[in-house]
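J.: what would the 3D arrangement of this be:
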Amino acid sequence: MVFLAINYHYIDDEKKYERGIYPVSVKRFQEQLEKLGKFFTFVGQKDVLDALAWGKKLPENCCVVTFDDGLKSQYEQALPILNKMGIPAIFFINGLPYLESKALFVHKVHWARSKMSPAEFLGEVSHLYTLFTGEPFNLGSFINMSEEQLRSFYPYDHLDETRIKIFLNKSTLDLALREQIINTIFKSIVKEEKEFCDNFYMTNKQVLELYKNGSIGWHGYAHKPVTLLSDSAMQTELKSASRVLSYITGDSKAAANSVSFPHTIPVSLKIAQVAGSVGMKFGFTMEKAFNTSLLHPLLFSRLDANDIPGGKAPLFSMEDNGIKILDKKLNICRREYFEEGT
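T.: A predicted model of the protein is given here:
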């Protein structure tokens, strides 16, 4: 059995943004699905749930298509292609845009970076860091990595942009301080945050439609890196799905069954156990591997759209005699996450 999970974010014209946001075009998206469809059978959330709950077998070579962040472009650009091709998918949403009309931190970063060069962005970060802390800003004190290590995290980005991402997502910078800095930059660019959210994220009606189709999953309340949070904050991120979905759907019993863990920081067994305790039946990390069993369903691996055939740097190809690994970064089966607590 080979169970492949793939992940998309922005679906749009690939030349729409000069930097900071890197969409997959509708054309590339459809071509990727067509290529995958020659080798894999596409499955949806119900298929995975039935396999876990009732032992119903998944196809020998199967693929699930997922989308993170609940972006409106996914509904408007990708969904028509999926519907035309008869392919199910799972759309993982966050709660903050719906209950508070606030953009997610990660999208504030993306939007600011799309409007500013890396030098301009870092210059503003440096200025605000000193303003808020009274201390000089030294990027090197937060990032102690070689060029090879940097590229292992974000292989498709320019090194300057990689350093920015590492600094904001994976460094020791205080979470409250990084949000204060980014919020300040974002407010200087976007005057009406609610209007931004209305244009950027799926509407309640669109989410409701996908929920009724069994296509909605959970991506955390505010897209925070759960492994960097306290136990109580981590639980809040993961257990608020029912509250958000009840608000959107008007159904007090509405709940999510699946979770996509934000950010690529390795997800521990502890995080998976917390997710399971709040009702999640399966979940996705971003370990670059195929799933060869349904063991540990809250720790399914998943590939980025760039990693698959038709992407910017495919890690495997599909041939008559099976799958051929093109890059050692891809594991034929999951290896991470399972040593903890065993």
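J.: domain map for this structure?
T.: Domain assignment for the chain by automatic domain parsing gives 1-24+40-46+57-93+202-217+281-301, 105-194.
J.: avg pLDDT for the first one?
T.: On average, the pLDDT along domain 1-24+40-46+57-93+202-217+281-301 is 96.
J.: just how off-centre is it within its chain?
T.: Its chain's C-alpha centre and that of domain 1-24+40-46+57-93+202-217+281-301 lie 10 Å apart, by Cα atoms, centre = their mean, to the nearest Å.
J.: that one: end-to-end distance?
T.: End-to-end span of domain 1-24+40-46+57-93+202-217+281-301 (Cα to Cα, to the nearest Å): 14 Å.
J.: now stretch 294-309
T.: Distance between the two ends of stretch 294-309: 24 Å, counting by Cα to Cα.
J.: ranking the domains of the chain by burial, who's on top?
T.: Greatest average neighbour count among the domains of the chain goes to domain 1-24+40-46+57-93+202-217+281-301 (a mean of 19), per mean count of other Cβ atoms under 10 Å. Heads up, the C-betas are built off the backbone N, CA and C, glycines and all.
J.: any idea what the residue most central in space within the chain is bridged to?
T.: With distances taken as Cα atoms, centre = their mean, residue 68 lies nearest the centre of the chain, 4.3 Å away. Beta bridges link residue 68 to residue 92 when assigned by DSSP bridges.
J.: what distance do you get for it to residue 307?
T.: 15 Å (Cβ to Cβ, to the nearest Å).
J.: same thing with residue 221?
T.: From residue 221 to residue 307 the distance is 28 Å (Cβ to Cβ).
J.: got it, and residue 133?
T.: 38 Å.
J.: skipping its backbone neighbours, what lies nearest residue 152 in space?
T.: In this structure, residue 152 finds its nearest non-sequential neighbour in residue 329, 7.7 Å apart by Cβ to Cβ, 6 or more residues apart in numbering.
J.: neighbours of that neighbour, how many?
T.: The number of residues packed near residue 329 is 13, by other Cβ atoms under 10 Å.
J.: isn't it up against residue 287?
T.: No. The pair residue 329 / residue 287 is not scored as a contact, 10.4 Å apart, by Cβ atoms under 8 Å.
J.: which residues in the stretch 151-300 of the chain form helices?
T.: 159-169, 175-189, 193-200, 204-212, 231-239, 241-249, 269-277 (DSSP state H, counting those that start in this stretch).
J.: can you give me the distance of the closest residue to residue 44 other than its chain neighbours to residue 7?
T.: Nearest non-adjacent residue to residue 44, counting by Cβ to Cβ, 6+ apart: residue 88, 2.8 Å away. Here the criterion is Cβ to Cβ. By it, residue 88 lies 15 Å from residue 7.
J.: could you dump the domains of the chain into JSON lines and include distance to residue 247?
T.: What follows is these, written out as JSON lines (distance: least, Cβ to Cβ, whole Å):
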{"stretch": "domain 1-24+40-46+57-93+202-217+281-301", "distance to residue 247": "8"}
{"stretch": "domain 105-194", "distance to residue 247": "16"}
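J.: check contacts around residue 185.
T.: By Cβ atoms under 8 Å, 6 or more residues apart in numbering, residue 185 lies in contact with 108, 112, 121, 124-125, 128.
J.: can you check the pLDDT for the residue located most distally from the centre of the chain?
T.: Going by Cα atoms, centre = their mean, the residue of the chain most distant from its centre is residue 134, 34.3 Å out. As predicted, residue 134 sits at a pLDDT of 96.
J.: and what of residue 182?
T.: At residue 182, pLDDT is 95.
J.: now it: closest residue in space that isn't a chain neighbour?
T.: That would be residue 108: by Cβ to Cβ, 6+ apart, it lies 5.1 Å from residue 182.
J.: sorry, back to before: so which of the contacts of residue 185 comes closest to residue 45?
T.: residue 108 (29.1 Å; Cβ to Cβ).
J.: next, that closest one: phi, psi?
T.: Torsion angles at residue 108 (phi, psi; degrees, to the nearest 10) stand at phi -60, psi -40.
J.: residue 5 in helix, strand or coil?
T.: Of the three states, residue 5 takes strand under DSSP: H, G, I helix; E, B strand; the rest coil.
J.: what about the nearest residue to it once chain neighbours are set aside, neighbour count?
T.: The shortest distance from residue 5 to any non-neighbouring residue, by Cβ to Cβ, 6+ apart, is to residue 302 (4.0 Å). If you count neighbours by other Cβ under 10 Å, residue 302 ends up with 22.
J.: likewise for the one 5 residues further on?
T.: The burial metric for residue 307, expressed as a neighbour count using other Cβ under 10 Å, is 23.
J.: residue contacts, the nearest residue to it once chain neighbours are set aside?
T.: Leaving out its chain neighbours, the residue that sits closest to residue 307 by Cβ to Cβ, 6+ apart is residue 315, at 4.6 Å. By Cβ under 8 Å, 6+ apart, the residues touching residue 315 are 288, 303, 307-308, 325-327, 329-330.
J.: can you give me the distance of residue 315 to residue 25?
T.: For residue 315, the distance to residue 25 - Cβ to Cβ - is 20 Å.
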